[in-house]
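Colleague: dropping the sequence and predicted coords here.
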Amino acid sequence: MGNKVKSIGLIGLGMVAGVAASFQFSAIAQKVSGSPLPLEELRQLSDVFGLIKTDYVESVDDKKLLTEAISGMVSSLDPHSVYLDKKAFREMRETVAGKFVGIGVEVGLEDGYIKVVSPIEDTPAFKAGIKAGDVITRIDGTLIKGMSLDESVKKMRGEPRSKVSVTISRKDEDKPLIFNIVREEIRVQSVKAKIIEPGYAWVRISQFQEPTVDDMAKKITALYHQDPNIKGLVLDLRNDPGGVVPGAIGVSAAFLPKDSVIVSTNGQLLASKETFYGRQEFYAPRAKTDPLAKLPAALKEVPMVVLVNAGSASASEIVAGALQDYKRATIMGQQTFGKGSVQTLRQLTADTAVKLTTARYYTPKNRAIQARGIMPDLLVDETAEGDGLNRLRVREADLQKHLGNDKDPEGEAAKRDPAEEEQAIAVLARKTKPVEFGSKDDFQLAQALNHFKGLPVKLSKADAKPANDVGETKPDTQPNSQPK
């Protein structure tokens with residue numbers, strides 16, 4: 001199955017679906033009060049440490065043992081709590097900032113090799129002449145067939161101005177091509193936007209980064225300059241794994257009435273019991289001016305469709321949930337990932353930190369998304385033939401030790417059906433390439449346009465039932481439904 005499923009990523013991002021949400025609460029760890037230390041268990045830990053030091057077959061570094069003990073303790077809690085060593089902490093900060101050091105290519109894993117989906121414009125790879133469709137066979141002379149996408153990505157990352165050798169197999173070339181490339185800092189644009197046809201705009205957010213709100217505001221303003229009579233806007237959040245929550249608040253605020261409740265959180269800490277509103281203090285607190293202040297007034301009223309799928313997680317679900325609760329947009333696609341938990345970054349040293357789950361978050365109507373996700377108003381498959389790759393995606397409910405849904409423990413998303421997996425694999429085997437979002441072959445985008453125009457929308461073949469508990473928001477099964 002592995003060589004049939006194509007996974008796409010950006011070199012150096014290393015984002016895992018649904019694990020990137022982070023509220024910036026106090027970085028100072030709270031002291032435990034009134035709870036005595038478990039001395040007997042701590043004594044056992046000390047005894048095991050001593051046994052390893054004296055009896056293990058070879059010498060083990062003290063720091064390694066203690067670091068692994070911390071890592072194991074944190075990772076035992078839930079899938080999104082993790083200890084970040086020096087390298088992981090640096091990579092997380094780079095991801096949140098929307099930048100990394102690498103060569104600058106979007107890649108996918110295909111038949112055991114890394115295939116270039118697209119070089120990022122004006123990056124070292126682009127300037128060196130690497131092209132879409134190139135297959136990377138070696139990195140610094142090391143054969144990478146069978147290597148995971150993450151491992152290959154790490155080999156292409158490095159320090160600024162360091163060199164990496166990339167061996168390419170290119171169609172119509174008899175011999176391998178070797179590119180010696182100098183790594184540079186790459187800035188990733190998380191927002192794409194274009195007029196897909198007169199009167200209809202498409203805005204895609206691939207992940208929520210610190211610059212996302214500002215980038216989105218600039219691109220939407222440019223769209224309205226290009227076509228002042230936009231009568232339908234598609235916000236594409238498919239395969240968006242999340243990111244910084246202020247970005248999600250700002251994106252939601254752009255389309256909702258001023259000061260609307262966007263999301264609330266609840267956990268043990270007092271600081272985790274908060275409500276977040278569509279105001280600058282929540283989405284751009286350090287900015288001198290409000291990035292949303294000069295958006296076209298028509299943006300608050302333009303009919304909207306939000307496209308989501310099983311890869312839409314965390315911050316993406318905040319946006320989809322808020323726009324759905326206010327009936328501001330029609331949510332279309334497939335049930336989302338279901339990551340409704342908040343991670344707080346607690347810095348331990350200058351170079352290390354713990355990313356700890358500290359709260360659950362809730363939509364404006366107090367729906368808990370955890371292990372459940374957002375059910376679209378209109379269920380639409382990935383392709384005209386069926387849901388394809390989307391059916392194979394792991395959701396929060398599939399993860400071991402995932403948090404339960406505190407509002408509706410029985411309402412968790414259904415786990416994948418093995419028979420459906422086999423059917424999805426058969427569909428994938430017939431496909432020559434993954435869906436290119438925003439292209440003329442994008443089936444779900446075409447259905448969004450049909451929805452705007454009052455034309456028939458081809459709904460999902462799956463017999464799915466709504467998972468949301470908002471009584472007045474139900475999936476619309478009418479083939480010629482009108483924009484809301």
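Modeller: Cool, got the structure. Residues are numbered from 1 along each chain as shown.
Colleague: can you classify the closest residue to A128 other than its chain neighbours by secondary structure?
Modeller: Setting aside the residues directly before and after it, A128 is nearest to F179 in space (Cβ to Cβ, 6 or more residues apart in numbering), at 4.9 Å. Using the backbone N, CA and C atoms, a C-beta is placed for each residue, glycine as well. Counting by DSSP: H, G, I helix; E, B strand; the rest coil, the backbone at F179 sits in strand.
Colleague: show me what contacts F179?
Modeller: Taking Cβ atoms under 8 Å, 6 or more residues apart in numbering, we find F179 in contact with 125, 128-130, 165-168.
Colleague: and the longest helix for this structure?
Modeller: Across the chain, the longest stretch assigned as helix under DSSP state H is helix 39-55.
Colleague: next helix or strand past that helix?
Modeller: Tracing the chain past helix 39-55, the next element assigned as helix or strand by DSSP states H and E is helix 62-75.
Colleague: got the buried residues for that next one?
Modeller: Residues of helix 62-75 classed as buried under the neighbour-count rule (16 or more other Cβ atoms under 10 Å) are V74.
Colleague: the following helix or strand past it packs against which elements?
Modeller: Proceeding N to C from helix 62-75, the next assigned helix or strand is strand 82-84, under DSSP H and E. Packing partners of strand 82-84 (3 or more Cβ pairs under 8 Å, 6 or more residues apart in numbering; DSSP states H and E): helix 62-75, strand 353-362.
Colleague: would a markdown table of the ones you listed with mean pLDDT and distance to V245 be doable?
Modeller: Putting these into a markdown table (pLDDT from 0 to 100; distance: least, Cβ to Cβ, whole Å) gives the following:
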| stretch | mean pLDDT | distance to V245 |
| --- | --- | --- |
| helix 62-75 | 94 | 21 |
| strand 353-362 | 94 | 8 |
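Colleague: quick one: closest of those to I220.
Modeller: strand 353-362 (25.3 Å; Cβ to Cβ).
Colleague: now the closest one: buried residues?
Modeller: With the criterion 16+ other Cβ under 10 Å, strand 353-362 contains buried residues 353-362.
Colleague: now do it: which elements does it pack against?
Modeller: The contact analysis (3+ Cβ pairs under 8 Å, 6+ apart) places strand 353-362 against helix 62-75, strand 82-84, helix 86-97, strand 261-266, strand 341-347.
Colleague: ok, now with 10 Å
Modeller: Using 3 or more Cβ pairs under 10 Å, 6 or more residues apart in numbering; DSSP states H and E, the elements in contact with strand 353-362 are helix 62-75, strand 82-84, helix 86-97, strand 261-266, strand 274-277, helix 315-325, strand 341-347.
Colleague: ramachandran angles for I331?
Modeller: Main-chain dihedrals, I331, degrees, to the nearest 10: phi -90, psi 130.
Colleague: contact partners for it?
Modeller: By Cβ atoms under 10 Å, 6 or more residues apart in numbering, the contact list for I331 reads 235, 237, 304-308, 312, 319-321, 323-324, 374-379, 468, 473, 475.
Colleague: ok, 6 Å please
Modeller: 306, 320, 324, 376-377 (Cβ atoms under 6 Å, 6 or more residues apart in numbering).
Colleague: low-confidence ranges in the protein?
Modeller: 1-35, 389, 414-434, 462-484 (pLDDT under 70).
Colleague: domain assignment for it?
Modeller: 99-187, 191-453 (automatic domain parsing).
Colleague: turn those into JSON lines, including distance to L77.
Modeller: Output for those, formatted as JSON lines (distance: least, Cβ to Cβ, whole Å):
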{"stretch": "domain 99-187", "distance to L77": "22"}
{"stretch": "domain 191-453", "distance to L77": "7"}
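Colleague: deepest-packed of these, please.
Modeller: domain 191-453 (a mean of 20; mean count of other Cβ atoms under 10 Å).
Colleague: gap between the two ends of it?
Modeller: For domain 191-453, the first-to-last residue distance is 25 Å (Cα to Cα, to the nearest Å).
Colleague: stretch 156-175 now?
Modeller: Using Cα to Cα, the distance between the terminal residues of stretch 156-175 is 22 Å.
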